[in-house]
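J.: following is a predicted model, sequence given first.
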Amino acid sequence: MTADPARGRARFGPGSHLLVTGGAGFIGSCFVREILARHDGTRITVLDKLTYAGNRANLAAIEADPEQADRLRFVLGDIADPAVVGPLVEDVDAVVNFAAESHVDRSIHDPEAFLVTGVIGVHVLLEACRREATRAAAGQRATPPRFLQVSTDEVYGSVETGHSREDDRLEPRSPYSAAKAAGELLARSYFVTHGLDVVVTRGSNTYGPYHHPEKLIPLFITNAIDDRPLPLYGDGLQRRDWLHVSDHAGAIEHVLQFGHPGEVYNVPGSAELPNRDVVTRLLDLLGKPWSLVRQVDDRPGHDRRYALDGTKLRGLGWRNRMSFDEGLAATVAWFGANEAWWRAARSGDWDDYYERQYGARLAGSVDAAGG
């Protein structure tokens, strides 16, 4: 990792060792791939449970490169298991926690899984970091580990006007966002109570390569490739601020390097758009007709709009690099060129999940006219 002259010395240089939990998931694997591809000596241990959202194939490019593979250790395990987490934290300079059950729809069906990962798992990681901070204070290791909790804009709830700032009230409206809010507040408490070096990021809706096909953009791309119906929730006018995965991973690294202990940093996207506009753009890129789109019953408690104020992160020296048009075109092209990856991701229990989530909705759907 390199220093940013405008921000001063980076906390972690070549040869640092990071524990990346959830590092086989969508955003986590991008973070791992981009750091190890620099060939600067940074070592990464990935801890991942490999649930539906974690995919070992996301790390295949690293494991195919002998030099990168030599600096990657993969551990199959659960962040909620202290026996697994404790020994891993003993030997790292920082913990970056991406691990999460990440889909609001799934959180409505199975909220307990989100609490185990998003709250108990965070607690286990923090306790391990606290023990290492105690060892550092006793001179048993050089420095305590930094802990970065990856959170989401959804903790603010639906934002009708303006942009959410880091000190705004949290109003999560789904089991997923409630678990994320609880996890980051727990992390904050360890900073206040124990002096742990904690930073938090709250990212916008993220898209890009390796995105699990249950989410809006990859679902609609892959369904459209197969000329299957595209289930658009409600009127499709829900607004999101879209953040490319490479920008999200880069912002997280920037906060890891330069963020101030105890602080929270919003990571805004590069384009706020209603879902209908996103669907129109990806259909144009695929050369597919709007007639594929079906208006289905909305999900319960669907937040209407998210929007983040990025002033604080810009003050730390970070900017978005990827425009939405460029990023969406690259994403559509990636899914077109990596059919084997997404078809494998849509195997196993995919059909059962899809039927449970969309079967009745599609049966009662109407033409989403007006693309």
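T.: Right, received. Where do you want to start?
J.: excluding chain neighbours, what is closest to R240?
T.: Nearest non-adjacent residue to R240, counting by Cβ to Cβ, 6 or more residues apart in numbering: N205, 4.2 Å away. Backbone N, C-alpha and C define where each C-beta goes, glycine included.
J.: hmm, that neighbour is touching S270, no?
T.: No: using Cβ atoms under 8 Å, N205 makes no contact with S270, being 11.2 Å away.
J.: now for those two: what residues contact both?
T.: Residues touching both N205 and S270 (Cβ atoms under 8 Å, 6 or more residues apart in numbering) are 241-243.
J.: all strands of the chain, in order?
T.: 17-21, 43-48, 72-76, 94-97, 146-152, 198-203, 205-207, 230-233, 239-244, 264-267, 271-274, 293-296, 366-367 (DSSP state E).
J.: run through this structure and note the low-pLDDT ranges.
T.: Along the chain, the parts satisfying pLDDT under 70 run over 1-8, 101-111, 370-371.
J.: now do the contacts for D367.
T.: Applying Cβ under 8 Å, 6+ apart, the residues near D367 are 291, 294-295.
J.: what about 10 Å?
T.: By Cβ atoms under 10 Å, 6 or more residues apart in numbering, the residues touching D367 are 290-291, 293-295.
J.: any idea which of the shared contacts of N205 and S270 is closest to A99?
T.: Comparing the shared contacts of N205 and S270 against A99 with Cβ to Cβ places L243 closest, at 19.2 Å.
J.: number of nearby residues for the spatially closest residue to the closest one that is not a sequence neighbour?
T.: Leaving aside its sequence neighbours, L243 sits nearest to G269 (Cβ to Cβ, 6+ apart; 3.6 Å). G269 has 27 neighbouring residues, counting by other Cβ atoms under 10 Å.
J.: and G269, backbone torsions?
T.: phi -90, psi -170 (degrees, to the nearest 10).
J.: which residue is the nearest non-sequential neighbour of R276?
T.: Closest to R276 by Cβ to Cβ, 6+ apart is G236, at 3.9 Å.
J.: kindly give a single ChimeraX line that selects the buried subset of the shared contacts of N205 and S270.
T.: In ChimeraX, a selection of the buried entries from the shared contacts of N205 and S270 looks like this (16 or more other Cβ atoms under 10 Å):
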select :241,242,243
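J.: buried set for stretch 283-298?
T.: So, applying 16+ other Cβ under 10 Å, buried residues of stretch 283-298: 283, 285-286, 288, 290, 292-296.
J.: ditto for stretch 310-330
T.: Result for stretch 310-330 [16+ other Cβ under 10 Å]: buried residues 310, 312-313, 316, 318, 320, 322, 324, 327-328.
J.: export those residues to JSON lines and tack on distance to A345?
T.: What follows is these, written out as JSON lines (distance: Cβ to Cβ, whole Å):
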{"residue": "G310", "distance to A345": "31"}
{"residue": "K312", "distance to A345": "35"}
{"residue": "L313", "distance to A345": "31"}
{"residue": "L316", "distance to A345": "34"}
{"residue": "W318", "distance to A345": "30"}
{"residue": "N320", "distance to A345": "27"}
{"residue": "M322", "distance to A345": "23"}
{"residue": "F324", "distance to A345": "23"}
{"residue": "G327", "distance to A345": "20"}
{"residue": "L328", "distance to A345": "19"}
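J.: sitting in helices, which of those residues do you find?
T.: Mapping the buried residues of stretch 310-330 onto helices (DSSP state H) picks out 312-313, 324, 327-328.
J.: out of these, flag the one nearest to P229.
T.: L328 (20.7 Å).
J.: who are the contact partners of the closest one?
T.: Counting by Cβ under 10 Å, 6+ apart, L328 makes contact with 207-208, 217, 221, 242, 244, 271, 273, 278, 281-282, 284-285, 322.
J.: quick one: which of those residues is most hemmed in?
T.: Going by other Cβ under 10 Å, H244 tops the contacts of L328 with 27 neighbours.
J.: who does it bridge with?
T.: Beta bridges link H244 to Y207 when assigned by DSSP bridges.
J.: which residues sit in contact with it?
T.: H244 touches 30, 204, 206-209, 250, 269-271, 320-324, 326-328, 330-331, counting by Cβ under 10 Å, 6+ apart.
J.: could you rerun that using 8 Å?
T.: H244 touches 206-208, 269-270, 320, 322, 324, 327, counting by Cβ under 8 Å, 6+ apart.
J.: go on, N320?
T.: Counting by Cβ under 8 Å, 6+ apart, N320 has contacts 243-244, 247, 268-270.
J.: kindly recompute the last result at 10 Å.
T.: 204, 243-244, 246-248, 250-251, 267-271, 310, 313-314, 327.
J.: and it, how close does it get to H244?
T.: 8 Å (Cβ to Cβ, to the nearest Å).
J.: same check on Q257?
T.: Applying Cβ to Cβ to Q257 and H244 gives a distance of 20 Å.
J.: ditto for V199
T.: 22 Å.
J.: find the nearest non-adjacent residue to E63, please.
T.: Closest residue to E63 apart from its sequence neighbours, by Cβ to Cβ, 6+ apart: A69 at 4.9 Å.
J.: run a quick neighbour tally on the one you found.
T.: By the criterion of other Cβ under 10 Å, A69 has 15 neighbours.
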